[in-house]
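Asker: Predicted model, plus sequence, below.
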Amino acid sequence: MAEKNLPIKFFQKRQKDDFATEGGGDRKLPKWATPELVGEKAAYVRSVLSKISVSFSNKVKRNNYVPSVVKVKMNGDALAKTPRKEVGNFFNIGKLNVIGMSGIDELLIKIDNENDLQAIIKRFYNINDAYPSFGTVIGISAITNIEEYKPQINIESINQKILKVRLFNYGNGDLNEVLTRVFETYCKQNSIKFERAAYAGDLYIYRIANVTTEAFEELKDFDGVQLITEMPSYEVMLDEISAIKEVQIKKPKKGQSYPVVGVLDTGIANIPHLSPWLHNKSFTKYHEDEVDKRHGTFVAGILMYGDELQGEKYTGFEGCKLFDAIVMPNTQKQKIYEDELIEHIREAISKNEEIKIWNLSLGSKTEADLYEFSDFAKALDEIQEHHNVLVCTSAGNCDNFTRSAPKSRISRSADTVRGIVVGSIAHDKNGTDLAEKHNPSPFSRIGPGPYYLIKPDVVHFGGNAGLDKRNKLVSNPVISFATDGTIANNIGTSFSTPRVTAIAAGLDYMLNEKFNPTLIKALIIHSAKYPSEMKMGIAEKINGAGFGLPSNISDILFNQPNEITLILQDSMEKGSYIDILDFPFPQSMIDDDGYFYGEVTVTLVTSPILEVSHGAEYCQSNIDVMFGSYDVKKQRDTTKATIKNPIGADGRQNILATAVYSKTAAKESSTPFASERMLVSYGDKYQPVKKWSVNFDDFTNANKENYLKAPKSWYLKLEGLFRQFTEEKCEKEKIIPSQEFCLIVTIKDTKKRGNIYNEVTQLLNNFSFIHSNVKIKEEVRVRLNQ
């Protein structure tokens with residue numbers, strides 16, 4: 001194989017690639033909209049709201065000015081933006097009263113006072129039953145149920161337990177202050193010990209203790225309480241197995257700089273292999289006798305010596321300074337609760353913002369919800385966004401295989417949107433192992449995350465396991481260090497994660513670019529492939545292995561002559577889209593029969609707008625990507641009301657659409673391309689990460705004729721979408737919503753006929769694109785050329 005030494009490239013869109021979003025669509029009523037039932041359903045809504053009027057008058061008598069919240073259940077077929085907007089129009093009376101979501105189909109609506117309530121009821125009276133407007137029919141038909149909100153109670157008994165209480169965020173500072181003041185006053189009056197927990201700025205969460213049965217019953221009916229549950233606690237279990245192996249001690253080379261990686265764990269032992277690499281600064285919330293450094297030492301060992309210990313060039317990582325951040329105590333001696341762990345993580349990162357890559361090989365035993373993102377994940381996302389860092393975290397372990405049960409889904413905290421979540425695959429297989437080599441480990445939790453979020457993002461080697469004849473656990477572990485400096489063995493996603501952290505740190509260190517967590521994440525995911533031994537279908541691959549196993553650092557940053565990787569970093573505003581009609585696709589990649597051939601990989605990673613109160617719709621923005629061929633550019637008639645853009649394309653075809661490929665070819669697992677194929681229909685899901693990897697040989701014959709028969713020009717189109725709540729919120733705040741993204745495209749000449757790298761570079765010049773090679777640090781460049 002030719003050596004990879006050609007740097008991948010950044011390119012920028014041109015001014016003419018920006019287009020204004022055009023209107024469209026018809027006003028045809030959907031099947032679920034029933035004009036004849038509008039009057040009856042409006043009367044039903046009025047009757048429910050009228051009952052709330054009584055509770056308002058009683059509240060005022062008690063000097064209780066906390067808003068009430070109603071829950072509006074939507075028709076399952078009416079979850080798109082237009083029905084949501086029309087429902088909101090009934091309740092948003094000059095203010096944004098839709099404050100969140102529960103699950104995927106329930107709107108949470110605040111009602112501040114009796115006057116607002118009567119104004120809303122009036123809107124359900126002012127309906128022309130005989131000739132209701134289009135919006136009225138859509139809005140009222142979308143409502144299937146409405147009721148006053150009652151707190152979610154996820155606890156059976158309160159016996160000496162520390163509780164977690166989440167209050168509503170009303171989207172209004174004054175109202176939130178009223179609620180917190182009333183809640184804290186109630187706690188004081190009932191001798192309840194309380195403390196505001198610092199999860200995320202928009203989450204109002206309290207840790208409470210000393211709650212009597214009587215007070216607990218009152219809390220169940222407390223206005224403004226959204227959720228009551230037991231405060232989760234965390235623990236780290238590590239059963240080390242000694243091993244016999246010698247690994248040469250690495251020492252930092254004189255005059256050479258190294259990246260710094262934060263290890264958020266139980267502590268790193270000062271052993272000979274790690275001592276030279278320990279940073280002169282550290283962070284801890286515990287005394288030495290309160291910690292057990294075995295887990296953190298094992299993690300740090302893999303981060304530093306992962307390749308050497310396994311005898312493989314998994315990452316190509318030379319080393320880093322280890323910032324020891326002790327955020328967990330010895331959990332055999334004392335408990336640590338979720339709010340404490342988050343507080344420790346936040347403090348460690350906020351006090352060391354210069355450290356950009358962090359490893360978090362800790363997680364909950366609790367499975368992530370199918371629709372609601374965890375408070376831990378929301379906190380982790382806010383920390384990463386606020387401090388501009390990237391956290392690599394583990395997908396979590398389960399022991400279901402020991403009792404022949406299906407795998408558990410990813411743990412809470414592994415549903416982070418902004419971080420990289422890492423699962424485990426088996427490095428090997430012995431006689432008792434359950435997983436085949438390079439397949440998901442038996443203990444590695446699977447996806448999806450909440451609301452079909454693709455998690456884990458990637459996988460790496462964390463060991464294998466099985467059962468002996470007596471049904472006892474037998475581990476096939478990976479190797480690292482014990483706290484006494486000897487070699488030790490273990491299994492878990494905790495130990496696949498630092499391998500990916502090493503890749504992230506290595507990429508950031510080699511790049512002489514301003515740190516961008518979205519770029520680092522995109523590069524890792526773009527490089528990932530499924531091992532050839534992984535023969536399962538694409539849906540099972542994604543759930544078990546995310547986007548696959550990442551390449552090592554140098555393979556990610558460099559190309560061979562028969563390929564080129566282009567990176568587009570930008571932001572997408574509401575009301576505009578990017579349409580590059582001169583995409584530099586190599587014209588030399590046409591076979592003897594006149595058809596384009598080759599492989600194309602496209603990866604999109606966004607930094608979406610997040611709203612913590614919106615349930616399954618936590619991700620509030622999305623980008624659709626289309627890439628393909630067209631026949632000719634055409635002039636468009638801008639005198640028409642729905643046409644804003646004068647230039648378009650005739651015969652546009654999207655090669656990322658699953659329908660254009662042969663179903664047989666897409667399922668083929670014996671071809672060399674099978675390990676790279678990523679053909680997924682993302683539909684209308686708001687996925688912050690999307691990837692496609694396609695081979696033109698997989699086209700059906702008919703589509704090959706339509707899409708690939710030369711002559712063709714090529715385009716790249718990106719279009720942003722924003723949920724109704726974000727659009728309305730930004731309109732109230734007089735700002736334009738936008739989302740940052742990183743898009744990476746690799747084009748590969750599978751026949752190796754020409755120098756694609758040079759050809760595409762020349763096309764970038766011909767089409768007047770601003771472009772540049774990724775900047776590699778000079779000292780790294782010198783070492784690479786030695």
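Answerer: Cool, the structure landed. From a predicted model like this one, the values you see are computed outputs, not experimental measurements.
Asker: so where's the stretch 651-786 of the chain shaky on pLDDT?
Answerer: 664-681, 684, 779-786 (pLDDT under 70).
Asker: any chance you could map the helices in it?
Answerer: 663-667, 701-708, 724-733, 756-766, 778-785 (DSSP state H, counting those that start in this stretch).
Asker: And for the stretch 1-150 of the chain?
Answerer: Ranges of helices within the stretch 1-150 of the chain are 38-61, 81-91, 114-125, 134-142, based on DSSP H, counting those that start in this stretch.
Asker: any chance of those in TSV, plus mean pLDDT and distance to residue 706?
Answerer: Just so you know, the C-beta spots here come from the backbone N, C-alpha and C atoms, and that holds for glycine as well. Formatted as TSV, the helices of the stretch 1-150 of the chain follow (pLDDT from 0 to 100; distance: least, C-beta to C-beta, whole Å):
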stretch	mean pLDDT	distance to residue 706
helix 38-61	86	45
helix 81-91	92	32
helix 114-125	92	50
helix 134-142	92	37
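Asker: With respect to residue 304, which of the helices of the stretch 651-786 of the chain lies nearest?
Answerer: Closest approach to residue 304 among those (C-beta to C-beta): helix 778-785, 18.0 Å.
Asker: will you turn the helices of the stretch 651-786 of the chain into TSV that also has distance to residue 691?
Answerer: Formatted as TSV, the helices of the stretch 651-786 of the chain follow (distance: least, C-beta to C-beta, whole Å):
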stretch	distance to residue 691
helix 663-667	15
helix 701-708	20
helix 724-733	25
helix 756-766	20
helix 778-785	27
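Asker: between the ones you listed, which gets nearest to residue 618?
Answerer: Closest of the helices of the stretch 651-786 of the chain to residue 618 is helix 724-733, at 11.1 Å (criterion: C-beta to C-beta).
Asker: if we can go back for a sec, looking at the helices of the stretch 651-786 of the chain, which is nearest to residue 352?
Answerer: Residue 352 lies closest to helix 778-785 among the helices of the stretch 651-786 of the chain, at 23.5 Å (C-beta to C-beta).
Asker: Could you identify which of the helices of the stretch 1-150 of the chain is most buried?
Answerer: Of all the helices of the stretch 1-150 of the chain, helix 134-142 carries the top mean neighbour count, a mean of 22, counting by mean count of other C-beta atoms under 10 Å.
Asker: So for residue 72, which of the helices of the stretch 651-786 of the chain sits nearest?
Answerer: Taking C-beta to C-beta, helix 724-733 is the member of the helices of the stretch 651-786 of the chain nearest to residue 72, at 13.5 Å.
Asker: one step back: and the helices of the stretch 1-150 of the chain: which comes nearest residue 517?
Answerer: The nearest among the helices of the stretch 1-150 of the chain, by C-beta to C-beta, is helix 81-91 at 28.9 Å.
Asker: can you give me the angle the closest one makes with helix 38-61?
Answerer: 50 degrees (axes from the mean of the first three to the mean of the last three C-alpha atoms, to 10 degrees).
Asker: who does helix 81-91 touch, helix- and strand-wise?
Answerer: Counting contacts by 3 or more C-beta pairs under 8 Å, 6 or more residues apart in numbering; DSSP states H and E, helix 81-91 is packed against strand 68-74, strand 106-111, helix 114-125, helix 134-142, helix 724-733.
Asker: circling back to that earlier point, could the helices of the stretch 651-786 of the chain be laid out in a markdown table, adding distance to residue 258 and mean neighbour count?
Answerer: Output for the helices of the stretch 651-786 of the chain, formatted as a markdown table (distance: least, C-beta to C-beta, whole Å; neighbours: other C-beta atoms under 10 Å):
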| stretch | distance to residue 258 | mean neighbour count |
| --- | --- | --- |
| helix 663-667 | 44 | 13 |
| helix 701-708 | 47 | 15 |
| helix 724-733 | 41 | 17 |
| helix 756-766 | 31 | 18 |
| helix 778-785 | 11 | 12 |
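Asker: Reformat the helices and strands packed on helix 81-91 as a markdown table; add distance to residue 655.
Answerer: Below are those laid out as a markdown table (distance: least, C-beta to C-beta, whole Å):
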| stretch | distance to residue 655 |
| --- | --- |
| strand 68-74 | 35 |
| strand 106-111 | 38 |
| helix 114-125 | 48 |
| helix 134-142 | 35 |
| helix 724-733 | 31 |
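Asker: Can you pull out the low-pLDDT segments for the protein?
Answerer: 1-2, 23-26, 129-131, 237-244, 664-681, 684, 779-786.
Asker: mind listing what residue 60 touches?
Answerer: residue 114 (C-beta atoms under 8 Å, 6 or more residues apart in numbering).
Asker: The same query, at a cut-off of 10 Å, please.
Answerer: 113, 114 (C-beta atoms under 10 Å, 6 or more residues apart in numbering).
Asker: before we move on, the earlier item: quick one: which of the helices of the stretch 651-786 of the chain is nearest residue 596?
Answerer: Counting by C-beta to C-beta, residue 596 lies closest to helix 701-708 out of the helices of the stretch 651-786 of the chain; the figure is 4.4 Å.
Asker: what sits up against that closest one?
Answerer: Residues from elsewhere that reach helix 701-708, judged by C-beta under 10 Å, 6+ apart: 589-591, 593-598, 628-630, 651, 653-655, 657, 659-662, 696-700.
Asker: next one: that helix to chain centre, how far?
Answerer: Its chain's C-alpha centre and that of helix 701-708 lie 35 Å apart, by C-alpha atoms, centre = their mean, to the nearest Å.
Asker: Next: stretch 648-663.
Answerer: 27 Å.
Asker: tell me how far the ends of it are from each other?
Answerer: 31 Å (C-alpha to C-alpha, to the nearest Å).
Asker: What residues sit buried inside it?
Answerer: Neighbour counts over stretch 648-663 (16 or more other C-beta atoms under 10 Å) mark 648, 649, 652, 653, 654, 655, 656, 657, 660, 661 as buried.
Asker: who's in contact with the spatially closest residue to the second one that is not a sequence neighbour?
Answerer: This points to residue 649. Setting aside the residues directly before and after it, residue 649 is nearest to residue 630 in space (C-beta to C-beta, 6 or more residues apart in numbering), at 4.0 Å. Residues near residue 630 by C-beta under 10 Å, 6+ apart: 581, 583, 648-654, 707, 712-715.
Asker: Tell me which two of those residues sit farthest apart.
Answerer: Using C-beta to C-beta, those span at most 18.1 Å, a distance reached by 648 and 707.
Asker: Helices of the stretch 351-500 of the chain, start to end?
Answerer: Going by DSSP H, counting those that start in this stretch, the stretch 351-500 of the chain shows helices at 375-387, 493-510.
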